[in-house]
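Asker: Got a predicted structure here, sequence first:
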Amino acid sequence: MKAVFSAVQLQHAPSRFLSRGHIVGYPESPDRARILIEGARKVGATVQAPHSFDELHIAAIHSRRYLKFLAGAFAKWNRPKGAFPEVMPSLRPVERPARYPRHITGQAGWHLMDFSCPVTEQTWGAVRTSADTALTAADLVAGGEPMAYALCRPPGHHAYADRAGGFCYLNNTALAAEYLRGTHERVAILDIDVHHGNGTQSIFYARADVLTVSVHADPARFYPFYYGYESQRGSRTGSGFNLNLPLPVRSDDEAWLAAVESAIRAVGEFAPGALVIALGLDAHESDPLKGGAMTTGGFARLARAIASLKLPTVIVQEGGYQTDILAENLASFLGAYEAGA
């Protein structure tokens, strides 16, 4: 199995996060990636650095204005004396029509959806490399590899075409799917992170060439709250090509497996040429975000079920936070998937 990762992705290290009204340490830390690469190596993955891709591939998913903001926000923010060393929004446009502002404070509110995506001096380099990681894995699969694992950090599935949110800046899963569209008429995305991939849903919501299926904790009581409901099925030509399968918060292995089997049936009926798995490990019973109650062995069961589709597959890392067995959870999934592919 080939895995893709660059140490550049470790450089993004914000200092703070707003959680339930408290300023706390940033949970999407560089240590996550260090642990996850250990998990990939446990199953014998060969780790390679990502290639650098032309921005045209990024702009196929994200607006040019948003990319310009991410690349230049820190420099603009840091001009006035006394600014906090991380770009953070203090207000957001909540009504339409609204006009795009010139001031960096207004632009931060336009593009940063919540308080989980501060921009530091190193953020752009890390998120751009994370995107290249997903694209490199997709390129490997497009070139004939049966599967490839993209250790993307920061993650991506909450990122919209022009907004960051939920620790996500560029939507790595969407980038991989769009790249695979270059060689396949139809591509499916199966998101098994404990949080709904609201950014991915938005990006492909009106398209019929990319099926988006998400199994996640019920957003009625869990982030991202507003998106991920069964009634959200796509629009216009994409109507019927977005499938959400929410589960009660703290669901166990059996509930997750049953939902994933429903997702697999939907993917099979769509008959894609390739699959992108948005892999979150945060449904585990010990994950600090407490959205699921899966076991380490449960991830292997999910992997074996999905592998039965026998599709060329890019596995893109999404969530999964520090626990004593985060590496084992990744190894459980990757090892079982490779054995069944």
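Answerer: Yes, it's here. Since this is a predicted model, take the numbers as computed values, not measurements.

Asker: What segments of the stretch 1-150 of the chain are strands?
Answerer: Listed in chain order, the strands of the stretch 1-150 of the chain (DSSP state E, counting those that start in this stretch) span 2-4, 17-19, 22-24, 46-48, 147-150.

Asker: what's the offset of the third one from the middle of its chain?
Answerer: The gap between the average C-alpha position of strand 22-24 and the chain average comes to 23 Å, counting by Cα atoms, centre = their mean, to the nearest Å.

Asker: So the residue nearest to residue 158 when sequence neighbours are not counted versus residue 145, what's the distance?
Answerer: Leaving aside its chain neighbours, residue 158 sits nearest to residue 166 (3.2 Å; criterion: Cβ to Cβ, 6 or more residues apart in numbering). No exception for glycine: its C-beta is placed from N, CA and C like everyone else's. Using Cβ to Cβ, to the nearest Å, residue 166 is found at 29 Å from residue 145.

Asker: Tell me which of those two has more neighbours.
Answerer: Applying other Cβ atoms under 10 Å to residue 166 and residue 145 shows that residue 166 carries more neighbours, namely 26 against 16.

Asker: can you pull the pLDDT of the more buried one?
Answerer: Looking at residue 166, its pLDDT reads 96.

Asker: same check, this time on residue 24
Answerer: For residue 24, pLDDT reads 87.

Asker: Please apply the same query to residue 80.
Answerer: In this model, residue 80 is scored at 65, pLDDT.

Asker: check contacts around residue 202.
Answerer: Residues in contact with residue 202 (Cβ atoms under 8 Å, 6 or more residues apart in numbering) are 160-161, 227.

Asker: oh sorry, the question was meant for residue 203
Answerer: With contact set as Cβ under 8 Å, 6+ apart, residue 203 has these partners: 61, 160-161, 171, 174.

Asker: what's the weakest-modelled helix or strand in the chain?
Answerer: None of the helices or strands of the chain scores lower by mean pLDDT, DSSP states H and E than strand 17-19, at a mean of 83.

Asker: Pull the residues that contact it.
Answerer: Applying Cβ under 8 Å, 6+ apart, the set of residues contacting strand 17-19 from outside is 23-27, 114-116.

Asker: Look up how far residue 208 lies from the residue nearest to residue 158.
Answerer: Between residue 166 and residue 208 the computed distance is 26 Å (Cβ to Cβ).

Asker: Check residue 199 too.
Answerer: Residue 199 sits 19 Å away from residue 208 when distances are taken as Cβ to Cβ.

Asker: neighbour-wise, which of these two wins?
Answerer: Taking neighbours as other Cβ under 10 Å, residue 199 and residue 208 compare with residue 199 leading, 28 against 15.

Asker: pretty sure that one is in contact with residue 167, am I right?
Answerer: No: using Cβ atoms under 8 Å, residue 199 is not in contact with residue 167, being 11.3 Å away.

Asker: remind me, longest helix of this structure?
Answerer: helix 123-142 (DSSP state H).

Asker: Can you point out the buried residues in that helix?
Answerer: In terms of neighbour count (16 or more other Cβ atoms under 10 Å), helix 123-142 has its buried residues at 123-142.

Asker: Also stretch 241-258?
Answerer: Using 16+ other Cβ under 10 Å as the burial criterion, the residues of stretch 241-258 that qualify are 241-247, 249-253, 255-257.

Asker: Okay, and which of those map to strands?
Answerer: Here DSSP state E is the test, and those give 242-247 as lying in strands.

Asker: was I right about residue 212 contacting residue 201?
Answerer: Yes: using Cβ under 8 Å, residue 212 is in contact with residue 201, at 5.7 Å.

Asker: okay, those two: which has more neighbours?
Answerer: Neighbours were counted for residue 212 and for residue 201 using other Cβ under 10 Å; residue 212 has more, 29 against 24.

Asker: just checking, the more buried one is part of a helix?
Answerer: No: going by DSSP: H, G, I helix; E, B strand; the rest coil, the assignment for residue 212 is strand, not a helix.

Asker: i'd like the first residue to be 772 from this point on
Answerer: Sure thing, new numbering starts at 772, so read that last one as residue 983.

Asker: Would you mind measuring from residue 873 to residue 840?
Answerer: Distance of residue 873 to residue 840, given as Cβ to Cβ: 12 Å.

Asker: The two: who's more crowded?
Answerer: residue 840 (23 against 7).

Asker: Might you report the residue contacts of the closest residue to that one other than its chain neighbours?
Answerer: Ranked by Cβ to Cβ, 6+ apart and with sequence neighbours excluded, the top spatial neighbour of residue 840 is residue 882, at 5.1 Å. Residue 882 makes contacts with 837, 840-841, 844, 933-935, as judged by Cβ under 8 Å, 6+ apart.

Asker: Pull the contacting residues for residue 1033.
Answerer: If you count contacts by Cβ under 8 Å, 6+ apart, residue 1033 has them with residue 1016.

Asker: show me what contacts the residue lying closest to residue 950 once chain neighbours are set aside?
Answerer: Ranked by Cβ to Cβ, 6+ apart and with sequence neighbours excluded, the top spatial neighbour of residue 950 is residue 909, at 4.1 Å. For residue 909, the contacting residues are 919, 921, 946-948, 950-951, 1047, 1085, by Cβ under 8 Å, 6+ apart.
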